[in-house]
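Peer 1: Provided below are the primary sequence and the corresponding predicted coordinates.
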Amino acid sequence: MEESYLDGLRHGPQIRRETNGNTIESRYLLGKQYGDSVWRGPDGELLDLNRFDTRTTDDGPETHGFRHVTVETQSNNGENREVAFVEDKEVTAWGPAGTVEELQEAPFPASAPPGNYLLRLADGTEAAGSLIDGDMHGEWSFRYTNGNVSTGRYANNMRDGKWTDTLTDGTVSKGPYRGSSRHGKWLIRYANGQVQEGAYDNGRMKGNWITILADGTVSEGPFSGGNAHGKWVYRYPNGQVSEGYFVEGKRHGEWTMKLPDGSLWEGMIADDQEYGEWTVTYPDGSVGKGPMANGRPTGFWTESNPDVAEAEGEYVDGKRSGHWILRSGNEDVHEGPFVDGLQHGVWVERSYEGDVMEGSYEKGLRQGHWIFRFHEGEVHEGPYAEGKRHGVWTVRLADGEVIKEHWQKGEYMEPQ
């Protein structure tokens, strides 16, 4: 045995060596095993063992499945004792199936006649079914301490055919077992309406799986070692399609997202986090480039369109924020702040001819005092309200003449 301990508790990898050269590798955290044990042959090759076979260990023979053997260990009084196991768990109490009396807190006798029995296992699980010559046959049910139930058939101490596992939350799973591990094609219906279908290999998801969520989202891709691994595709009810790679259960590699508006997002994801520069291409040919975080543009981005218009500035949580510069194809330049994706604050807008417009935006609309200085020498100034000229405007012509104009909600009011 190779063991490690922390504060008197098993902690870390544990390796158990059998007399035939096989090894069993297990992992512990503060005294509790987590994950599946790994069985290897004398040369380190992975083994696919029948968990019900009898095996010999450093401590003597053990039998898995429902059989009665004398284990070569001594009890407190120094005598060997007979121990019965069901799926690796010791039987601690038993009685006839359907009994209303207390179960006998005693080892199950090897001389027990064929019949239907109720067995209590060391972890509190109650198993009920038929025993013939010490072997499990026919219909069996397992009721676990957490309320979950597993039902199906046994043949010669092996789970046989399709089994049904029902969880307390209403989730129902159906499929075959190998030993006490799911193995083969399974269908899982969750209480929330989600459906999954795919194959298990010795208790671990493997190969192609399809998941349909209650909202209609469909995901499809391969599992390996119980984790999503390989290329996956997600199709959403709104028409969005996302596809890319998983490595050991995390998104890792190239990913693309086609959104309902026709935009295409392309970039890299490393360990479930967007990485490096992403590119978004819109149906009109516009292109944006910059970093992403949590599925949204974040940080400094540049944007351009076929008309040679360009924009650059910061995104925060998917929205333009802070100082931006907008350049049109004819060399007009607009500069100012965005807040939550909308122009907000003082902006300066310069035309390629030299005209300058300066004023404030509120939530994307011109608001308050604005002044326009045209390259010919004219100056117009006055108030905006909700994006429209509203109130008295002063126009100073190049020759010095001053004109007063009256505007109402964007409409010029003729003098009376």
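Peer 2: Everything's here; your move.
Peer 1: before we move on, what SS does Asp169 have?
Peer 2: When classified by DSSP: H, G, I helix; E, B strand; the rest coil, Asp169 comes out as coil.
Peer 1: Can you tell me how far it is from Ser219?
Peer 2: Going from Asp169 to Ser219 by Cβ to Cβ, to the nearest Å gives 21 Å. Placement of C-beta: from N, CA and C, glycine included.
Peer 1: Give me the more crowded residue out of the two.
Peer 2: Ser219 (18 against 10; other Cβ atoms under 10 Å).
Peer 1: and that one, what does it touch?
Peer 2: Ile210, Thr211, Leu213, Trp232, Val233, Tyr234, Arg235 (Cβ atoms under 8 Å, 6 or more residues apart in numbering).
Peer 1: my guess is the first one meets Ala199, correct?
Peer 2: No: taking contacts as Cβ atoms under 8 Å, Ile210 lies outside contact range of Ala199: 11.1 Å.
Peer 1: okay, these two: which has more neighbours?
Peer 2: Per other Cβ under 10 Å, whichever of Ile210 and Ala199 has more neighbours is Ala199, with 18 against 12.
Peer 1: where in the protein is pLDDT low?
Peer 2: Where the chain drops to pLDDT under 70, the residues are 1, 27-37, 47-82, 100, 110.
Peer 1: give me that answer again for 50
Peer 2: By pLDDT under 50, the weakly predicted segments of the chain are 34, 48-74.
Peer 1: Do a quick rundown of the helices in it.
Peer 2: Here the chain has no helices by DSSP state H.
Peer 1: Return the residues in contact with the nearest residue to Trp140 once chain neighbours are set aside.
Peer 2: Using Cβ to Cβ, 6 or more residues apart in numbering and skipping residues adjacent in sequence, the residue nearest Trp140 is Gly129, 3.2 Å away. Contacts for Gly129 (Cβ under 8 Å, 6+ apart) come out as Ala97, Asn116, Tyr117, Met136, His137, Gly138, Glu139, Trp140, Ser141, Tyr154.
Peer 1: And for the third one, the neighbour number?
Peer 2: Yep, that's Tyr117 we're talking about. 22.
Peer 1: For the remainder of this discussion, apply numbering that starts at 12.
Peer 2: Noted, 12 is the first residue going forward, which turns the last one into Tyr128.
Peer 1: quick one: it and Ala108 touch, right?
Peer 2: Yes: counting by Cβ under 8 Å, Ala108 is a contact partner of Tyr128 at 5.6 Å.
Peer 1: list residues touching both of these two?
Peer 2: Ala139, Gly140.
Peer 1: now the strands for the stretch 312-427 of the chain?
Peer 2: 321-327, 330-338, 344-350, 353-354, 356-361, 367-373, 376-384, 390-396, 399-400, 402-407, 413-419, 422-424 (DSSP state E, counting those that start in this stretch).
Peer 1: Going by neighbour count, list what's buried in the third one.
Peer 2: What it means is strand 344-350. Residues His345, Gly347, Pro348, Phe349, Val350 are the ones in strand 344-350 that count as buried (16 or more other Cβ atoms under 10 Å).
Peer 1: Now the second one: closest residue in space that isn't a chain neighbour?
Peer 2: Just to be clear, that refers to Gly347. Gly347 sits nearest to Trp358 (Cβ to Cβ, 6+ apart), 3.2 Å away.
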